[in-house]
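# below: sequence and its predicted model.
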Amino acid sequence: MKTPNTLRKNTVLSKGWRFQIDQFNLGILEQWYEREYPCHTWARVTVPGAWDTYNEALWGYEGIGWYSVKFKTTDINIDQIIQLVFARVNYHTKVWLNGSSLGENIGGYLPFKFDVTGLLNIDADNTLTLRVDNTPKVQWLPATLQIEWIHYGGILGTISLAQYPKIYISHLSVHGEPSEAGAAVFADIEITNNSKITENLVLSASVFADQIKTKTNQHITCPAEGSSVHRVEFSTQARQYWSPDNPVLSILKVTIIKNNSTIDKTSERFGIRRIEVTGTDLLLNGKTLFIRGVNRYEEYGKYGPTPPIALIKKDLAEIKKAGVNFIRVHHPQSPLLLTLFDEMGFLMMEELPLNWWGLAFHGAKPKQNADILVQAEKELTAMIRRDGNHPSIIMWSMANECKTKSKVGIHVMRKLLEKSKSLDTTRLATFVTGKGLENELAFKYADLVCYNMYMGSMSGKICHHINQLDILAKQASLEYMKKQNEFFPDKVKLITEFGCSGIKNISGDMHLSEHFQARYLEKVWEAICECRYVYGGVLWSWADYYHHKRFHGITVFGPYGAVTVDRQKKLSLTSLKNMFQKNSSKSMRNT
C-alpha cells in the first residue's frame, strides 16, 4: 500500500461546475467573471468532459464556452505554496479567481498552473471562472484549419488545488538503462525554494529495482527564491529490464531533509530499458525490434476524449490481445493513459500536435511561417518535461504530414529535432511525412525515417476489388518502400501509417467493405514483413474516429479502424490478430 504524503495535498475541484455557451462573445464585455455574476443559472455539467458531450447540439461546436465553480478552502495551510493546476483545457483559456485575472494559456493538450498563494478566501467561498475558446487558428497548433480529429472543447482534465511546502521537489527526471553491472540509473532532481533564505539541505534518494534497494545521500544548497537541479546516479545489480514482454517498473523515492526533519518527499516510477539505432538496426535492450503498431485516438464513442477508466482498460487489453507492441498518437496523452501503457507493456511514439501545417485544402493556400516554432518548442519542452519518465515512450515525433520539404519546413523540423535531442538524449527523435522521402532533407537530423503509405488505398492506382490487391496493394507497396529506401539508405525506416477504410456490416468484394479492408491489411503487412530495411508498420487505425466538421469525406467518421468508434469488432480485427500474434511474444523481427 502506498504511504500517504502528508506534506502535500491535492484537492480536485470536481463538483458544482456550471457551463454557459458564448456564441456572440459577450462574456468579457458583460463581465461574466465577476464574483457576484449569477453563474448559478448556468447549466450543471460534469468536469472533466468535453462540452461536445453535454448536448447533441454541441457536438463539434467550436467557439467560446464559460465555466464557473464555487468552492471552500477549509483545510488550507497558509504556510505552504498553493497552486491551481489545470491538467488539460482545450484550447485558449482565460482564468479568473474571485473576479481577478490569473492569466491565460494557449494550448489544448498539456497542463498549466497559476500560483494562488495568498489569493484564496480561507474558510469562505471562492469563485473560479474560465473562458475557453477552441476555435482553430493557423498560428496555433495544429497550425491548420483543416483538422482531421474533432477539436473537442472545454475542460478535458482535472482542475485541482495543489499544496506544497515552501521548499519542495518541483520535478523529477529519471532514466535507467542496462549496464555491465546490471543497470545504471540517472536522476535529475529539481528543488524549488520559495523562502527568502538560502537553504542547506540533505537530499536522500533511493531506487527500488528488481527487489534491490540502492540509496544515496547528498548535501545540497538551494538558493533563496529560486530553484536548483541536482544529479543523482546509481549503479544497481537489477537485471529485470522493461520491455513489451516484461513491463517491469522500478521506483525512485526522493526526500529532502532540513535539520534532521523531512520537509518534502515524492516518488516516480520508471523502467530500465534502452532504445537505440545502431547503423540501420533498431534495438531495444540490445535486441532487434520489429514494430507491430496501431495509431490510436483517445476518443471512445460519444464519451469523446474522456471515457470511463474501465472502458480504457478494456480497450487496451483488446489491443494487447491482438499482438500490438506499439501505439502512435497525434498529440500528448493523459498521464493516466501513459501509466497504463507503462504497466501493460506498450511502446509508443508521442507526437506534437503539428499536423498538416502548410498544406492546401479546398483551394486554400496557407502561408507557411516559421513563427510556429514559438509555440511548438514550448509544447515540445512541456511534453518532454511531463512525460519523460514513462518507459513506454521510445520516440518523440515533431509533426505529422506537414509541408516539410519547403525551406521553412526543413528549418522548423531541424530546430525541433535539435530541441528534442537537447532535452532528452535517451529517446529517438523524428517526424512523419506522408508524401514520400524525396527532398525531405530534415530527416538528416532525425534518428529514424518515418513515413505513411497507402498504396492502392489512397495513393497510386486505387484497388476496387479484392483480386487486385496482390498487384495494386502488396506489389505496389514493395516497390514504393524500395524507392523510398534509395533516399535514406543508411537510416532505419518505419511505416507509421498504412490502412484502408472498411465500414462495419458492409460486406463483399468492393472497397469500403469489411472483407476488402481485412484482405488489404493482410497484403500490405506481407509487403512490410518482406521489406528488410523497414522495421515494422503502424496500422491506421485501431478504432474508427469522428471527423472534424470541416473534414471532407463520404462519412462523418473515419472508418479505418479494426473496431468501430464504440469498439464493435470488424473482420479486420481478426486479420490484425493473425498478422501480429505470430511470434508476438518476441520483440524481435521474424526471420
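Arrived safely, thanks for sending.

# please count neighbours and contacts with C-alpha atoms only from this point.
Noted.

# give me the pLDDT for the closest residue to R239 other than its chain neighbours.
Spatial nearest neighbour of R239, chain neighbours left out: G182 (5.1 Å); criterion: C-alpha to C-alpha, 6 or more residues apart in numbering. Looking at G182, its pLDDT is 95.

# neighbours around G182, how many?
For G182, the tally of surrounding residues (other C-alpha atoms under 10 Å) stands at 15.

# you'd agree it is up against Y241?
No. G182 is beyond contact range of Y241, at 9.3 Å (criterion: C-alpha atoms under 8 Å).

# I'd say G118 and N77 touch.
No. Using C-alpha under 8 Å, G118 makes no contact with N77, being 10.5 Å away.

# quick check on the two: which one has the bigger neighbour count.
N77 (16 against 12).

# who are the neighbours in contact with that one?
Q163 (C-alpha atoms under 8 Å, 6 or more residues apart in numbering).

# pLDDT wise, what is it at?
As predicted, N77 sits at a pLDDT of 85.

# how close does it sit to A124?
With the distance defined as C-alpha to C-alpha, to the nearest Å, N77 ends up 14 Å from A124.

# also Y533?
65 Å.

# please identify which of these two sits among more neighbours.
Y533 (19 against 11).

# so who does the more buried one touch?
Applying C-alpha under 8 Å, 6+ apart, the residues near Y533 are T280, N485, V492, K493.

# quick one: strands adjacent to the helix or strand bottoming out on mean pLDDT in the chain?
Here the helix or strand of the chain ranked lowest by mean pLDDT, DSSP states H and E is strand 557-558, holding a mean of 86. As defined by DSSP bridges, the strand partners of strand 557-558 come to strand 545-546 (antiparallel).

# how far does the partner strand sit from the chain's center?
Put simply, strand 545-546 sits 18 Å off its chain's centre (C-alpha atoms, centre = their mean, to the nearest Å).

# could you do stretch 457-466 as well?
Relative to the centre of its chain, stretch 457-466 is centred 32 Å away, using C-alpha atoms, centre = their mean.

# try stretch 372-389
Counting by C-alpha atoms, centre = their mean, stretch 372-389 comes out at 11 Å from the chain centroid.

# before we move on, what about stretch 227-247?
The answer for stretch 227-247 is 22 Å, by C-alpha atoms, centre = their mean.

# can you map out the strands along the stretch 451-591 of the chain?
Counting by DSSP state E, counting those that start in this stretch, the stretch 451-591 of the chain has strands at residues 493-498, 534-539, 545-546, 557-558.

# so which of the ones you listed comes closest to E36?
strand 545-546 (39.1 Å; C-alpha to C-alpha).

# and the closest one, what's its mean pLDDT?
pLDDT averaged over strand 545-546 gives 94.

# where in the stretch 401-550 of the chain is pLDDT low?
The model of the stretch 401-550 of the chain has no residue with pLDDT under 70.

# quick one: the helices in the stretch 451-591 of the chain?
469, 476-485, 514-530, 571-581 (DSSP state H, counting those that start in this stretch).

# can I get those in CSV with mean neighbour count?
Shown next, in CSV, are the helices of the stretch 451-591 of the chain (neighbours: other C-alpha atoms under 10 Å):
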stretch, mean neighbour count
helix 469, 24
helix 476-485, 18
helix 514-530, 23
helix 571-581, 19
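
# output those helices in TSV; the columns should cover distance to Q368.
Formatted as TSV, the helices of the stretch 451-591 of the chain follow (distance: least, C-alpha to C-alpha, whole Å):
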stretch	distance to Q368
helix 469	38
helix 476-485	25
helix 514-530	33
helix 571-581	38
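
# K213 is nearest to which of those helices?
Comparing the helices of the stretch 451-591 of the chain by C-alpha to C-alpha, helix 571-581 comes nearest, at 36.4 Å.

# from the chain's centre, how far out does the closest one sit?
Centroid separation for helix 571-581 versus its chain: 26 Å, with C-alpha atoms, centre = their mean.

# packing partners for that helix?
Helix 571-581 makes packing contacts with helix 514-530 when contacts are defined by 3 or more C-alpha pairs under 8 Å, 6 or more residues apart in numbering; DSSP states H and E.

# so the helix it packs on versus strand 493-498, what angle?
170 degrees (axes from the mean of the first three to the mean of the last three C-alpha atoms, to 10 degrees).

# what about the strands in the stretch 251-400 of the chain?
According to DSSP E, counting those that start in this stretch, the strands that the stretch 251-400 of the chain contains are 261-270, 275-278, 281-284, 287-288, 291-295, 326-328, 347-351, 393-400.

# how about a markdown table for these, with mean pLDDT, distance to Q581 and mean neighbour count added?
Listed next are the strands of the stretch 251-400 of the chain as a markdown table, based on pLDDT from 0 to 100; distance: least, C-alpha to C-alpha, whole Å; neighbours: other C-alpha atoms under 10 Å:
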| stretch | mean pLDDT | distance to Q581 | mean neighbour count |
| --- | --- | --- | --- |
| strand 261-270 | 96 | 27 | 17 |
| strand 275-278 | 97 | 23 | 17 |
| strand 281-284 | 97 | 19 | 20 |
| strand 287-288 | 96 | 17 | 16 |
| strand 291-295 | 98 | 9 | 25 |
| strand 326-328 | 98 | 13 | 25 |
| strand 347-351 | 98 | 16 | 24 |
| strand 393-400 | 98 | 22 | 24 |
